[in-house]
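Enquirer: need the 3D shape of this:
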Amino acid sequence: MAADHPILRAGEIAFSYQPLRLIKGLISANIAYPYAEKREQREIRSKLDELRQFYRLDRAQRRVISVNRLADMLQLAGASVPYYRDLFAQLGFDPEKVRSDVGYLSDLPYLTKDIIREQGDRMLSAPLDQTRHHVCKTGGSTGLSCVIYYDQAGADYSAAVTLYARERIGKLKHKTELHFACRFPDATVPQWPTREDFKCFAMNRSNIFFGSVDDAGLEEIWQTLLRRRPYLAHAHPSTIYALACYVERKYGGAKAFEVFESSGELLEPYQREAIARALRCRVVDRYGLAELGVVGYELSGMENGLQVMESEAWPESFEIESAENGEHELVFTGFRNNLMPLIRYRTGDLAQVEDGPQGFHLTHVVGRIHDLVSINGIDHPTHHIQDMLDHRVGGIQEFQIDLRFTPPLLKIVPEVFADKEEIRRKITVFWGQGFELQFVDHDAFVRLGRHAKFRHVVHP
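Expert: Below you'll find the model as predicted:
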């Protein structure tokens with residue numbers, strides 16, 4: 001039958017209520033998930049147990065393990081990966097020294113996407129046709145995209161990290177989750193059941209496929225959330241922020257899920273506050289990237305910030321020479337992907353790494369390295385423009401700057417109470433004729449890639 005058949009819709013409603021909700025969750029967690037894991041020849045639950053044990057250790061014990069994993073990965077790369085074998089020989093680099101002094105890691109140059117694309121198969125420790133592997137293409141939001149190959153163990157650890165992090169915020173496998181995904185214009189209604197349907201059952205997950213974030217699209221999303229009542233909703237913050245603004249405007253705020261887990265975009269403080277207020281949920285931030293998976297998570301609550309998953313990667317940050325305000329770029333060395341080790345990989349994301357008594361944390365997360373906008377011939381970081389719009393202009397829900405136009409097109413979603421002419425006047429005072437101004441709703445923003453990510457800056 002078609003996936004939108006009324007019988008399936010009725011079942012969806014029925015299983016959103018207790019005790020059917022709990023029964024379905026327990027079957028998913030204890031029967032369907034183990035079966036799916038075995039059928040797909042994956043080993044995730046054992047790695048989940050390993051993570052639980054690791055994070056029960058104190059900071060000193062965890063650090064020793066992390067340093068040893070770092071040294072082990074460097075040794076593997078130097079022995080098995082042509083690019084690193086040649087690089088280590090050229091520099092006279094001894095990976096074993098890192099085991100006693102992590103400072104030796106800085107003898108190695110940073111890895112970039114350009115190097116990965118240029119080196120190709122020389123980045124691999126084994127031929128692809130001899131290794132079970134998974135292909136992951138980066139989104140290109142911090143430069144031209146490149147292809148990352150995960151071995152099976154690396155992919156399984158990545159899945160286990162997500163499960164563990166969600167456990168820490170109360171989302172156990174028997175509790176439902178809902179993921180947002182882009183609905184493409186040419187998409188047709190699939191037949192039920194499909195492999196994806198079984199995967200969703202095993203994960204106790206459902207999907208929302210949305211096509212627009214105008215009022216009609218947001219109402220459709222909201223009614224779906226009310227019908228399914230998930231414990232956790234996983235989506236881009238820009239989408240849930242648009243939903244929060246809509247729900248607050250139309251319903252005065254309401255509740256449909258317990259936790260919102262941000263993903264794929266920078267979660268801005270103003271978005272976080274509006275989502276928590278209007279949707280009456282707990283907001284959890286995380287940091288992940290296609291190249292390494294989830295490597296930062298609010299494991300111990302918002303007040304303790306983004307904790308680096310030190311079981312998975314070694315973090316660094318360095319101050320960008322051209323930055324006017326001391327911005328730092330994030331760098332990671334992954335521990336899990338033996339097929340394609342990434343050592344001192346420049347992420348292109350702006351944040352600092354702080355080493356504290358509880359572990360590494362990410363601070364001063366402000367965006368992406370390419371988020372510079374030329375206004376009247378002068379480059380301005382996006383977050384500086386945002387500060388001006390928030391604290392000097394005011395009355396603005398969201399904005400986007402489209403650099404495909406000259407002058408740049410500044411799209412603004414005004415607050416309901418805002419005076420558009422006053423916004424226009426203040427923008428002219430601050431930036432003269434540096435922008436072409438356009439008042440829009442959220443649906444008018446350009447969204448990039450197959451995941452429909454929102455970016456404050458759209459490049460040509």
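Enquirer: moving C-terminal from the helix or strand of the chain with the lowest mean pLDDT, which element do we reach first?
Expert: Within the chain, confidence by mean pLDDT, DSSP states H and E is lowest for strand 378-381 among all helices and strands, at a mean of 68. For strand 378-381, the following helix or strand on the C-terminal side (DSSP states H and E) is helix 382-388.
Enquirer: how is the chain partitioned into domains?
Expert: The record's domain split for the chain, according to automatic domain parsing, is 1-41+181-284, 42-169+304-366, 372-458.
Enquirer: TSV for those, including mean neighbour count and distance to residue 175?
Expert: (Each C-beta comes from the backbone N, C-alpha and C, glycine too.) Shown next, in TSV, are those (neighbours: other C-beta atoms under 10 Å; distance: least, C-beta to C-beta, whole Å):
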stretch	mean neighbour count	distance to residue 175
domain 1-41+181-284	17	4
domain 42-169+304-366	17	9
domain 372-458	16	24
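Enquirer: low-confidence bits of the stretch 101-250 of the chain, can you list those?
Expert: Across the stretch 101-250 of the chain, the ranges flagged by pLDDT under 70 are 139-145, 182-187, 211-212.
Enquirer: can you pull out the helices in it?
Expert: 113-119, 152-168, 195-203, 215-228, 237-251 (DSSP state H, counting those that start in this stretch).
Enquirer: surely residue 299 touches residue 167?
Expert: No - between residue 299 and residue 167 no contact is recorded; they are 9.6 Å apart, counting by C-beta atoms under 8 Å.
Enquirer: for the stretch 251-400 of the chain, which segments count as strands?
Expert: For the stretch 251-400 of the chain, the strands defined by DSSP state E, counting those that start in this stretch cover 259-262, 282-284, 286-289, 293-297, 306-308, 313-319, 328-334, 345-356, 359-368, 372-375, 378-381, 396-402.
Enquirer: output the contacting helices and strands for the last one.
Expert: So that's strand 396-402. helix 237-251, helix 382-388, strand 409-414, strand 457-458 (3 or more C-beta pairs under 8 Å, 6 or more residues apart in numbering; DSSP states H and E).
Enquirer: hang on, the earlier thing: for the helices of the stretch 101-250 of the chain, give me TSV that also has distance to residue 263.
Expert: Formatted as TSV, those follow (distance: least, C-beta to C-beta, whole Å):
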stretch	distance to residue 263
helix 113-119	21
helix 152-168	10
helix 195-203	15
helix 215-228	16
helix 237-251	8
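Enquirer: any idea which of the strands of the stretch 251-400 of the chain scores lowest on pLDDT?
Expert: For the strands of the stretch 251-400 of the chain, mean pLDDT drops lowest on strand 378-381, to a mean of 68.
Enquirer: let me see the confidence value for the nearest residue to residue 238 once chain neighbours are set aside.
Expert: Excluding its sequence neighbours, the residue lying closest to residue 238 (C-beta to C-beta, 6 or more residues apart in numbering) is residue 454, at 3.6 Å. With respect to pLDDT, residue 454 scores 76.
Enquirer: so what's residue 454 up against?
Expert: By C-beta atoms under 8 Å, 6 or more residues apart in numbering, the residues touching residue 454 are 236, 238, 239, 265, 400, 445, 447, 448.
Enquirer: 6 Å - rerun?
Expert: By C-beta atoms under 6 Å, 6 or more residues apart in numbering, the contact list for residue 454 reads 238, 265, 447.
Enquirer: to residue 418, which of the helices of the stretch 101-250 of the chain lies closest?
Expert: Closest to residue 418 of the helices of the stretch 101-250 of the chain, according to C-beta to C-beta: helix 237-251, at 12.4 Å.
Enquirer: bridged to residue 151, which residues?
Expert: residue 133 (DSSP bridges).
Enquirer: may I have the residues that are in contact with it?
Expert: Going by C-beta under 6 Å, 6+ apart, residue 151 touches 133, 338, 339.
Enquirer: picking that back up, wait, which of the strands of the stretch 251-400 of the chain is closest to residue 213?
Expert: Using C-beta to C-beta, the nearest of these to residue 213 is strand 396-402, at 10.4 Å.
Enquirer: return that closest one as CSV; C-alpha atoms alone will do.
Expert: The C-alpha trace of strand 396-402 is given here as CSV (Å, rounded to 0.1, in the frame of the first residue of the first chain):
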residue,chain,number,x,y,z
ILE,A,396,14.6,41.1,13.0
GLN,A,397,13.8,37.4,13.3
GLU,A,398,16.3,36.1,10.8
PHE,A,399,18.4,37.3,7.8
GLN,A,400,20.4,36.0,4.9
ILE,A,401,22.9,37.7,2.6
ASP,A,402,23.0,36.6,-1.0
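Enquirer: got the angle for it vs helix 237-251?
Expert: With axes from the mean of the first three to the mean of the last three C-alpha atoms, to 10 degrees as the basis, strand 396-402 and helix 237-251 are set at 140 degrees to each other.
Enquirer: give me the contact list for strand 396-402.
Expert: 245, 373, 389, 408-413, 415, 445, 456-458.
Enquirer: what strands line up against that strand, and which way round?
Expert: With DSSP bridges as the test, strand 396-402 is paired with strand 409-414 (antiparallel), strand 457-458 (parallel).
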